[in-house]
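Provided below for reference: sequence and predicted model.
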Amino acid sequence: MSTEQVGSGDEQAQRLARLLRLPERREPAVAEVATWVGLGIIEGRLSPGQDLNTVELARRFKSSRTPIREALMVLEQEGLVEIKARRRPRVATFSLDEVRQMYAVRQHLLSLVARLIVEHATDDQLAELRDDVEAMNAVAAKGDTDGYFWKHVAWQEKLTEYSGNPTLKGIMDTLALRTLILRRLSLHAPTSLAESIRWQEQIQDAFEARDAELAGLLLARTARAALRSIEQAHADGELRWPEHAGA
């Protein structure tokens, strides 16, 4: 594990904390540990199947093991960590069949999100989304896959917010935590970054044209394409995870 702890002002940590609903928790130590471990999983510092040593984590964060265990339970509830009796907690693993199931659900939910955005988003909100797409474009032009990844996360957070349906947002946020790990796999596939930004432009155009059907089809297509990239890169059925850029 890296010795660097997540700073309170770190934008990525704050975004993950929101997805985990950590601001609702009263114990700061739980939030700190859950954020650090969660980011490590999403960014690839902690590999699928890797043991999570509660004694080591307690020493790192200078705490008792109680908040460590609670933090790992939070991550287990969101599908990022596996906890089994008489075994060390470990980073969750996914089979290709499980990945297909997650993306099948995500595809239909994204279509609904897009349609609701067309119906409910204000012109100012659509302008914000356009700014986000342009920011993603600028990062992609530099070949910064990790930078693009986090801007894409922020963009999709706004999509669920601007859909105007809190229940749908809650479902999407929970699913997002699992697919964030898988999203790194699809973005590291050949040509995926260029293809992704091109499609964001098309989706934004459909939003601004207030074309609900087209927007729904295009946003759902991104989920199908992400799954296809993963399947093509891991045709033998074994998921191999890209290394963290800072490793």
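All right, it came through fine.

Tell me which stretches of this protein form strands.
81-82, 90-91 (DSSP state E).

Span of stretch 36-49 from start to end?
17 Å (Cα to Cα, to the nearest Å).

What are the buried residues along that stretch?
By 16 or more other Cβ atoms under 10 Å, the buried positions in stretch 36-49 come out as Trp36, Val37, Gly38, Leu39, Gly40, Ile41, Ile42, Glu43, Gly44, Arg45, Leu46, Pro48. Every residue, glycine included, has its C-beta placed from N, CA and C.

who wins for proximity to Ser196 among the strands of the chain?
Among the strands of the chain, the nearest to Ser196 by Cβ to Cβ is strand 90-91 (25.4 Å).

max-length helix in the chain?
helix 96-120 (DSSP state H).

for that helix, what is the average pLDDT?
Helix 96-120 carries an average pLDDT of 95.

what's it in contact with?
If you take Cβ atoms under 8 Å, 6 or more residues apart in numbering as the criterion, helix 96-120 is touched by 94, 159-160, 162-165, 168, 171-172, 175, 178-179, 182, 203, 206-207, 210-213, 215-220, 222-224, 226-227, 230-231, 234, 237-239.

filter the residues you listed to the buried ones?
For the contacts of helix 96-120, buried by 16+ other Cβ under 10 Å: 94, 159-160, 162-163, 165, 172, 175, 178-179, 182, 203, 206-207, 211-212, 215-216, 218-220, 222-223, 226-227, 230-231, 234, 239.

can you tell me how far the residue nearest the centre of the chain sits from Ser192?
The centre of the chain sits closest to Leu180, judged by Cα atoms, centre = their mean, with a distance of 2.6 Å. To Ser192, Leu180 is 15 Å away according to Cβ to Cβ, to the nearest Å.

Val81 too?
For Val81, the distance to Ser192 - Cβ to Cβ - is 27 Å.

and the two? which has more neighbours close in?
More crowded of Val81 and Ser192, by other Cβ atoms under 10 Å: Val81, with 22 against 19.

per-residue pLDDT, the more buried one?
Confidence for Val81, expressed as pLDDT, is 95.

same thing with Val74?
Reported pLDDT for Val74: 93.

Could you count how many residues lie near it?
For Val74, using other Cβ under 10 Å, the count is 22.

Distance of the closest residue to it other than its chain neighbours relative to Gln77?
Closest residue to Val74 apart from its sequence neighbours, by Cβ to Cβ, 6 or more residues apart in numbering: Ala34 at 4.8 Å. Applying Cβ to Cβ, the value for Ala34 to Gln77 is 10 Å.
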